[in-house]
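Asks: Okay, here's the prediction I keep looking at, along with the sequence it came from:
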Amino acid sequence: MTDGHEEWLRQIDAEIAGTLPLPQRAALARHVAACPRCAGARVSRLELEASFARAHGEPHALAVRRSVLRGRTLVRWAAMALLVGLLAGWLAHARWGGPGPGTLESSRATILVH
């Protein structure tokens, strides 16, 4: 990260150490909210600090959970979307009916004539 992020990374380290002044913490928070690279670096450093704390015997060290869309969740959402689509199609067919007894082309011609 040699494109101006070194200063932000130093500020992240100072924030985690608790030595960053409040105005700089506010500026860092605004930057981290807009910069995914720095946000990832901050989370990684927080996880590193938490793992060090756990390794030194502090069982209640805060671990930052990363939100991950698991495969099961994705399958459940896809199944739910498919079910909703099938239900909507069935209800629409029950309400308005299908294309009729003829072929699709004849029903289309009937619609155009009327």
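Replies: Ah, there it is. Worth saying up front: this structure is predicted, and the values here are computed from it rather than measured.

Asks: So which residues of the chain form helices?
Replies: Taking DSSP state H as the test, the helices found in the chain are 6-17, 22-34, 36-55, 71-96, 104-113.

Asks: In a markdown table: these, plus mean neighbour count.
Replies: Heads up, the C-betas are built off the backbone N, CA and C, glycines and all. Shown next, in a markdown table, are the helices of the chain (neighbours: other C-beta atoms under 10 Å):
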| stretch | mean neighbour count |
| --- | --- |
| helix 6-17 | 15 |
| helix 22-34 | 13 |
| helix 36-55 | 14 |
| helix 71-96 | 10 |
| helix 104-113 | 10 |
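
Asks: quick one: which of these has the weakest pLDDT on average?
Replies: Lowest mean pLDDT within those: helix 104-113, at a mean of 61.

Asks: Could you chop this structure up by domain?
Replies: The chain breaks down into these domains under automatic domain parsing: 6-55, 71-113.

Asks: for the longest one, how far is the first residue from the last?
Replies: Terminal residues of domain 6-55 are spaced 28 Å apart (C-alpha to C-alpha, to the nearest Å).

Asks: So that it lines up with my notes, have the first residue be 5 from now on.
Replies: With the count now opening at 5, the last piece we talked about shows up as domain 10-59.

Asks: chain center to that domain, what's the gap?
Replies: The chain centroid and the centroid of domain 10-59 are separated by 21 Å under C-alpha atoms, centre = their mean, to the nearest Å.

Asks: Look up how far G89 lies from L78.
Replies: For L78, the distance to G89 equals 17 Å [C-beta to C-beta, to the nearest Å].

Asks: Next: R46.
Replies: In terms of C-beta to C-beta, R46 sits 41 Å off from G89.

Asks: just L24 next, same as before
Replies: 51 Å.

Asks: ok, now I16?
Replies: Separation of I16 from G89 (C-beta to C-beta): 45 Å.
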